[in-house]
Structures are given as structure tokens and as C-alpha cells.
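*Asks:* Let's see this in three dimensions:
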Amino acid sequence: MARSPSITLVLSLLMGIFTTVCPQECSEDPATSLVGQLVGLVGERAGRTCDVCSGGENGFPIVHPISLHVWHLGTDVKLEELRSEVAAMNLDAHNNLTAVAQQLRTEIEELKTMLENIQSFIKGGARTSRDAPSTCADNQVMLASMGYLAPVESGTYKNNTDCTWVIERPPGYKIKITWLMFALERCTDCKCDYVEIWDGNTTKELIGGKRYCGYLDPPTMTSTSNRVEIKFHSNDVRTYAGFKIKYESVED
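*Replies:* As a prediction, the model looks like this:
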């Protein structure tokens, strides 16, 4: 059975093959005219689609409102992430600066204390050696790692005497005190002549919790800090041989 020209043209169009015919034959066949209308309609739709892709009628991109909304939301999320990161960086920087400032304050206080100790050392004229002890003076600063202390080198101490020795070592060290000789006036609650051993820098504690007097050697003691202050006092009644202390720094 033979196929009509219109069926042949439609099948050729659907398969992507267009058969060239003369103008006279196309104009005479109604089916060919219908195919032309279909081709024109498809071309118009394709043109509109290309307009949307390439920029519309005025040459500007056509963006769907939903796409614009999604893009806007994505931008807001990115901005919020950036704000969070900047806030975290600012907080870290603030914490670091605070820690550095605190460290500088601590070091400045240590330098001030060291300077005061050196000034006191120069003023008091302290001296230490293995043989000759540092004798009575006001606020002597002992900078050696080991030495001896005594109210006097030999003989008896004087009445109405007040002496102070400050032993200070670098951080990480403690101070061990050994009593080589001890003989002070004995009195109730050690109100007459006595020795006090104070431990610490700012918050001071009395080692052993009491003063020492009489004729018995106090126990060997070790500080809990790197600074010890030793005070000796005598009244105006009797005098004795006093005491002799060996001090030495030990690692914490």
C-alpha cells in the first residue's frame, strides 16, 4: 500500500530528516502547509527559550524569583558564618592579650621586689660565708644560695636588739634552715627574747606557728616558698649566746 505525501513528510520531520521539495509541490499539498505551521511553532518556542537563557528581550538575564530567594538565603548563611568566625577570632585575641598583660604584671612585680631586695642588701651590708655569719642588722637580704646567720659572731648578743634577715631564692626553690646553736632568754610565751621564722612573700605564715626561745634547738625546717624572713628580738634584761643558723636553698 502506497503512503501519501503528507504521511511521508510528517515521518521525515519526526526522524530529523527533512525532504527537500519544490515550492510548487509544497504549496499544493495541505499536509505540507500543516507541517510548516508546526515547524514555525516549534521555532517560536525555541526562540523564547533561548531568550530566557541569553538575557530576555532587553538583553538582561531573566532570573526566576524562587532562584533569587534561594541565592539570597545562601548569601545570608555565608555572612552569618563570617560574622561567627570574626567574633571567635576577636574573643581569642582578647583572651591572649589578657593573659599577656597578666604575665607582664607578674613579671613587673617580681622585678620591683628584686630591686627592693637589692636596695635593702646595699643598705644593710649583709655578708655571708661558710665561716663568718651575717650578724645583726635591719632588713638584710641574703642573696647567696647558702650561708650562716647569727646575732653576733662570738660572745653574747646585746640588749634591746632587733634584727631581720630576708633569704630569697629564685622561683622553684625552697629554703632549708638548720639550727647549729641556740641559747636565748627563756620566758613565758617567748615574750622576752625570741626568734620568728616567717614563710612567704605577700601572705606570710609563721613556720611552726610560734616563736622560739630558751635553750633547746628548734627543729630543722623547710619553707613552702622561695622567701623566708627571720626576726630576732631581745629585751633589756639578760643576754645569752644567741643562735647560729645555716640556711641553704633546695629545689622545689
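
*Asks:* quick one: Y240 from R227, how far?
*Replies:* Distance, Y240 to R227, by Cβ to Cβ, to the nearest Å: 28 Å. From N, CA and C alone the C-beta is placed, and that goes for glycine too.

*Asks:* Would you map the helices across the stretch 151-252 of the chain?
*Replies:* In the stretch 151-252 of the chain, no helices are found when defined by DSSP state H, counting those that start in this stretch.

*Asks:* and P171, what does it touch?
*Replies:* N226 (Cβ atoms under 8 Å, 6 or more residues apart in numbering).

*Asks:* who has more neighbours, Y240 and R227?
*Replies:* R227 (21 against 18; other Cβ atoms under 10 Å).

*Asks:* how about low-confidence regions in this protein?
*Replies:* Low-confidence segments of the chain, defined by pLDDT under 70: 1-76, 113-131.

*Asks:* 80 instead, please
*Replies:* For the chain, the stretches with pLDDT under 80 are 1-80, 106, 109-132, 202.

*Asks:* K244 against L180, yeah?
*Replies:* Yes: K244 is within contact range of L180, at 4.4 Å (criterion: Cβ atoms under 8 Å).

*Asks:* Now do the shared contacts for those two.
*Replies:* Common neighbours of K244 and L180 are listed as Y148 (criterion: Cβ under 8 Å, 6+ apart).

*Asks:* what about these two, which has more around it?
*Replies:* It is K244, of K244 and L180, that has more neighbours when counted by other Cβ under 10 Å, with 18 against 13.

*Asks:* Now do that one against L82, distance only.
*Replies:* Remark: distance between K244 and L82 (Cβ to Cβ) = 72 Å.

*Asks:* again with L143
*Replies:* 56 Å.

*Asks:* More neighbours: which of the two?
*Replies:* Comparing L143 with L82 by other Cβ under 10 Å, the one with more neighbours is L143, at 15 against 10.

*Asks:* Quick check: that one touching E168?
*Replies:* Yes: with contacts counted by Cβ under 8 Å, L143 reaches E168, the gap being 7.3 Å.

*Asks:* What is the burial count for T203?
*Replies:* Count around T203 with other Cβ under 10 Å applied: 7.

*Asks:* Let me fix that, I meant to ask about N201.
*Replies:* Using other Cβ under 10 Å, N201 has 13 other residues around it.

*Asks:* That one contacts S225, correct?
*Replies:* Yes: shown here, N201 and S225 form a contact pair, counting by Cβ under 8 Å, at 6.2 Å.

*Asks:* can you give me phi and psi for the nearest residue to C187 once chain neighbours are set aside?
*Replies:* Leaving aside its sequence neighbours, C187 sits nearest to C213 (Cβ to Cβ, 6 or more residues apart in numbering; 6.2 Å). With angles defined as degrees, to the nearest 10, C213 shows backbone torsions of phi -150, psi -180.

*Asks:* what residues are up against C213?
*Replies:* Neighbours of C213 in contact, by Cβ under 8 Å, 6+ apart: L184, E185, R186, C187, C190, C192, D193, Y194, V195.

*Asks:* OK, contacts around the closest residue to S145 other than its chain neighbours?
*Replies:* Nearest non-adjacent residue to S145, counting by Cβ to Cβ, 6+ apart: S249, 4.7 Å away. Going by Cβ under 8 Å, 6+ apart, S249 touches S145, M146, R169, Y173, K174, I175, K176.

*Asks:* how near is S249 to S134?
*Replies:* Taken as Cβ to Cβ, the span from S249 to S134 is 15 Å.

*Asks:* just G172 next, same as before
*Replies:* When distances are taken as Cβ to Cβ, G172 and S134 turn out to be 24 Å apart.
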